[in-house]
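Peer 1: When you get a sec, could you give me coordinates for this:
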Amino acid sequence: MPVGISVNSDDRQYNGRITWYVLLSCMIAASGGIIFGYDVGVSGGVTSMDPFLQNFFPGVYKNMKEDKSISNYCKFDSQLLTCFTSSLYIAGLISSFFAAPVTQKFGRRISIITGGVAYMIGATLGGVALNIWMLLVGRILLGVGLGFTNQSVPLYLSEMAPSRYRGAFNVAFQICVSIGYNSATLVNYGTVRIRGGWGWRVSLALAGVPAAILAFGVLFVPETPNSLIEQGKDQNKVKKVLRRIRGTDDVDEELKDLIEASYASKAIKKPFKNLMQRKYRPQLVMSVLMPFFQQITGINVISFYAPILFLTIGAGENTSLLAATVTGIVGSTFTLITVILVDRLGRRPLFHVGGMQMLVCQTLVGVLMAIKLTDHGTMEKGYAVSVLVLTCIYIAGFGLSWGPLSWVVTSEIFPLEIRSAAQSIVVAVNLSMTFIIAQAFLAMLCHFKSGIFFFFATWVFLMSIFVYFLLPETKGIPIEKMDRIWREHFFWKRVLGDGELLEDGKKIESM
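Peer 2: Just a heads-up that it's a prediction; the model follows:
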């Protein structure tokens with residue numbers, strides 16, 4: 001049964017309810033996150049499989065199995081190995097800039113379909129790879145899919161969702177990322193047992209399954225009302241779509257706000273240039289720092305290299321893959337909890353609680369590894385279990401906070417006139433940082449050793465301070481009215497100045 005809701009906004013109400021039509025449409029679109037999560041999880045798993053290393057990275061395999069003189073922290077230090085992981089993200093970074101105009105001009109659906117098709121081709125190439133170059137080309141095509149879907153899926157979810165439950169809808173993307181990651185770790189745990197050493201091919205090729213669901217499923221979902229207006233479609237058609245997705249005929253107020261926002265956006269001819277204007281300064285800062293902070297938490301150290309980390313502290317191949325599966329399940333569980341809490345408690349409280357968990361756990365893992373893991377030998381079983389438990393608590397904190405909420409906040413704070421441009425920056429920064437960390441981590445682990453965890457803990461401390469002072473609460477505020485949170489904030493209202501002028505010359509005073 002649909003759930004009826006009424007949303008307040010500056011004494012206005014948007015009538016509507018969560019319908020099955022919206023739920024199914026958003027579930028299909030959010031499945032783009034499954035592919036993202038699967039690719040993150042599968043890369044860490046296959047790079048810990050002996051047959052995969054023997055085929056493509058024999059030097060790393062020799063260091064791991066034969067060379068006893070190399071430090072535990074340096075066995076996997078290979079730029080070619082990290083290139084396998086990071087090539088996906090640099091390709092995603094470049095393609096995101098092409099995805100922005102496609103998303104704006106042709107709609108969210110076309111961008112999602114393009115990403116799904118690129119994913120399917122990339123997964124096929126990875127599964128049949130005969131040499132390192134085929135493997136890397138497959139990863140690059142997966143990156144193209146990533147750039148398009150990460151650009152369009154958060155926008156689609158944010159624009160389709162009723163504003164009161166927009167946070168929960170956007171968390172669906174992170175839930176799908178978690179589902180994909182867990183699926184990859186379970187697949188890896190199963191395929192490593194396939195005799196003949198070709199299990200890694202199954203792991204890589206199965207990414208094509210959710211890609212096909214996404215590419216073909218989106219053919220049957222509607223375009224968002226925001227995008228239809230942006231493309232200049234007939235208002236009666238937009239009203240019909242809005243009535244269907246809201247489950248009510250009374251959509252005039254919301255349609256009026258959407259049209260006004262669209263007119264304002266069309267007056268902006270150069271969105272990237274206009275994003276640099278003073279009135280968009282808070283959004284510009286958030287579009288850069290939120291994805292930067294999300295990646296510098298160190299989460300991708302766990303996501304990409306969890307099996308390798310557990311191999312480093314002395315776990316066996318099967319045990320390391322199982323430990324990665326456990327951490328993934330924990331992350332998914334707490335992301336689901338966030339769905340329930342995000343529109344009840346708000347964004348800021350979850351950022352605070354999750355940030356504290358992450359800070360404490362990373363610090364303790366660093367201490368344990370500094371004391372108990374030397375350059376040679378293995379960590380005692382009890383301490384290794386402690387590292388696993390602390391890692392799970394750390395991932396729980398990420399699942400409550402920076403994992404889903406950085407996507408939630410950045411998908412809801414941008415006005416329509418700069419939305420595609422700002423989302424491009426979000427995706428570009430996210431993928432840039434993902435690429436840098438993926439490429440640099442194994443070398444950093446080799447040189448910093450246990451200090452790598454103190455490095456990430458310091459960043460978690462800094463970003464927690466940033467959220468406390470500079471991120472206003474966005475819970476329950478419709479996207480079309482989101483500009484008011486900056487005019488009411490103690491710091492950002494000074495950045496914006498005393499007010500802004502409307503076209504009729506009236507002044508909006510700071511509150």
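Peer 1: Give me the helices and strands touching the helix ranked longest in the chain, please.
Peer 2: Longest helix in the chain, counting residues (DSSP state H): helix 416-448. Packing partners of helix 416-448 (3 or more Cβ pairs under 8 Å, 6 or more residues apart in numbering; DSSP states H and E): helix 79-106, helix 132-160, helix 252-266, helix 271-274, helix 281-296, helix 299-312, helix 402-412, helix 451-470. Where C-beta positions appear, they are placed from N, C-alpha and C, glycine not excepted.
Peer 1: Turn those into TSV, columns for mean pLDDT.
Peer 2: Converted to TSV, the helices and strands packed on helix 416-448 look like this (pLDDT from 0 to 100):
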stretch	mean pLDDT
helix 79-106	84
helix 132-160	89
helix 252-266	76
helix 271-274	76
helix 281-296	93
helix 299-312	64
helix 402-412	86
helix 451-470	93
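Peer 1: To residue 32, which of those lies closest?
Peer 2: Of all those, helix 132-160 sits nearest to residue 32, with 3.8 Å by Cβ to Cβ.
Peer 1: For residue 370, the count of nearby residues, please.
Peer 2: 14 (other Cβ atoms under 10 Å).
Peer 1: Can you list the neighbours in contact with stretch 227-246?
Peer 2: Applying Cβ atoms under 8 Å, 6 or more residues apart in numbering, the contact partners of stretch 227-246 are 14-17, 19, 21-22, 25, 104-108, 159-160, 162, 222-223, 225, 249, 251, 254-255, 258-259, 262, 265, 416.
Peer 1: make that stretch 324-343, sorry
Peer 2: With Cβ under 8 Å, 6+ apart, stretch 324-343 has contacts from 41, 44-45, 164-168, 171-172, 174-175, 178-179, 181-182, 185-186, 188-189, 302, 306-307, 310, 350, 388, 391-392, 395-400, 403-405, 408, 475-476.
Peer 1: buried subset of those?
Peer 2: With burial judged by 16 or more other Cβ atoms under 10 Å, the buried subset of the contacts of stretch 324-343 is 41, 44-45, 164-168, 171-172, 174-175, 178-179, 181-182, 185-186, 188-189, 302, 306-307, 310, 350, 388, 391-392, 395-400, 403-405, 408, 475.
Peer 1: Restricted to helices, list those residues.
Peer 2: Per DSSP H, these map to helices at 41, 44-45, 166-168, 171-172, 174-175, 178-179, 181-182, 185-186, 188-189, 302, 306-307, 310, 350, 388, 391-392, 395-400, 403-405, 408.
Peer 1: still on that earlier bit, kindly calculate the angle that the longest helix of the chain makes with helix 79-106.
Peer 2: The directions of helix 416-448 and helix 79-106 differ by 180 degrees, with axes from the mean of the first three to the mean of the last three Cα atoms, to 10 degrees as the criterion.
Peer 1: in helix 416-448, what counts as buried?
Peer 2: Buried residues in helix 416-448 (16+ other Cβ under 10 Å): 416-439, 441-442, 444-446.
Peer 1: average model confidence for that helix?
Peer 2: Mean per-residue pLDDT for helix 416-448: 81.
Peer 1: Equivalent analysis for stretch 184-199, please.
Peer 2: Stretch 184-199 carries an average pLDDT of 86.
Peer 1: Over to stretch 234-242?
Peer 2: 85.
Peer 1: now it, how far from the centre of its chain.
Peer 2: Remark: stretch 234-242 is offset 31 Å from the chain centroid, using Cα atoms, centre = their mean, to the nearest Å.
Peer 1: and what of stretch 455-471?
Peer 2: A distance of 18 Å separates the centroid of the chain from that of stretch 455-471, by Cα atoms, centre = their mean.
Peer 1: so residue 17, which of the three states?
Peer 2: Recorded secondary structure, residue 17: strand (DSSP: H, G, I helix; E, B strand; the rest coil).
Peer 1: From what I see, residue 182 and residue 41 are in contact.
Peer 2: Yes: under the criterion of Cβ atoms under 8 Å, residue 182 makes contact with residue 41 at 7.2 Å.
Peer 1: what residues are up against residue 198?
Peer 2: residue 51.
Peer 1: Test my guess that residue 194 contacts residue 188.
Peer 2: No: with contact defined as Cβ under 8 Å, residue 194 does not reach residue 188; the gap is 10.9 Å.
Peer 1: Wait, residue 22 touches residue 160, no?
Peer 2: Yes: at 5.8 Å, residue 22 counts as touching residue 160 under the criterion of Cβ under 8 Å.
Peer 1: Name the nearest residue to residue 427, sequence neighbours excluded.
Peer 2: Once flanking residues are discounted, residue 427 sits nearest to residue 96: 4.2 Å by Cβ to Cβ, 6 or more residues apart in numbering.
Peer 1: Look at that neighbour and say how many residues are nearby.
Peer 2: Residue 96: 28 neighbours (other Cβ under 10 Å).
Peer 1: Give me the distance between it and residue 38.
Peer 2: Taking Cβ to Cβ, to the nearest Å as the measure, residue 96 and residue 38 are separated by 19 Å.
Peer 1: Equivalent analysis for residue 61, please.
Peer 2: On the measure of Cβ to Cβ, residue 61 and residue 38 end up 25 Å apart.
Peer 1: And residue 80, by the same measure?
Peer 2: 23 Å.
Peer 1: So for those two, which residue has more residues nearby?
Peer 2: For residue 80 and residue 38, the more surrounded residue by other Cβ under 10 Å is residue 38, and the numbers stand at 31 against 12.
Peer 1: out of everything not next to it in sequence, what's closest to the more buried one?
Peer 2: Once flanking residues are discounted, residue 38 sits nearest to residue 180: 3.8 Å by Cβ to Cβ, 6+ apart.
Peer 1: Test my guess that that neighbour contacts residue 30.
Peer 2: No: using Cβ under 8 Å, residue 180 is not in contact with residue 30, being 10.7 Å away.
Peer 1: Whichever of the contacts of stretch 227-246 end up buried, select them in ChimeraX.
Peer 2: This is how ChimeraX selects the buried members of those, with burial counted by 16+ other Cβ under 10 Å:
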select :14,15,16,17,19,21,22,25,104,107,108,159,160,162,222,223,225,251,254,255,258,262,265,416
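Peer 1: circling back to that earlier point, what about the helices and strands packed on helix 416-448, which gets the closest to residue 359?
Peer 2: It is, among these and with distance given as Cβ to Cβ, helix 451-470, at 4.7 Å.
Peer 1: Can you list the buried residues in that closest one?
Peer 2: Neighbour-count burial for helix 451-470 flags 452-453, 456-457, 459-460, 463-464, 467 (criterion: 16+ other Cβ under 10 Å).
Peer 1: Can I get the residues you listed in a markdown table including distance to residue 274?
Peer 2: Listed next are those as a markdown table, based on distance: Cβ to Cβ, whole Å:
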| residue | distance to residue 274 |
| --- | --- |
| 452 | 40 |
| 453 | 41 |
| 456 | 35 |
| 457 | 38 |
| 459 | 31 |
| 460 | 33 |
| 463 | 27 |
| 464 | 31 |
| 467 | 27 |
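Peer 1: Among the residues you listed, which one sits closest to residue 155?
Peer 2: Nearest to residue 155 among the buried residues of helix 451-470, with distances taken as Cβ to Cβ, is residue 467, at 22.8 Å.
Peer 1: How about the contacts made by the closest residue to that closest one other than its chain neighbours?
Peer 2: Nearest residue to residue 467, sequence neighbours excluded (Cβ to Cβ, 6+ apart): residue 351, at 4.5 Å. By Cβ under 8 Å, 6+ apart, residue 351 lies in contact with 401-402, 405, 464, 467, 471.
Peer 1: what pLDDT does residue 351 get?
Peer 2: In this model, residue 351 carries a pLDDT of 95.
Peer 1: Which residues does the helix or strand hosting residue 209 contact?
Peer 2: Residue 209 is part of helix 208-217 when elements are defined by DSSP states H and E. Helix 208-217 is contacted by residues 28-29, 31-32, 34-35, 38, 112-113, 115-117, 119-120, 123-124, 127, 145, 149, 180 when judged by Cβ under 8 Å, 6+ apart.
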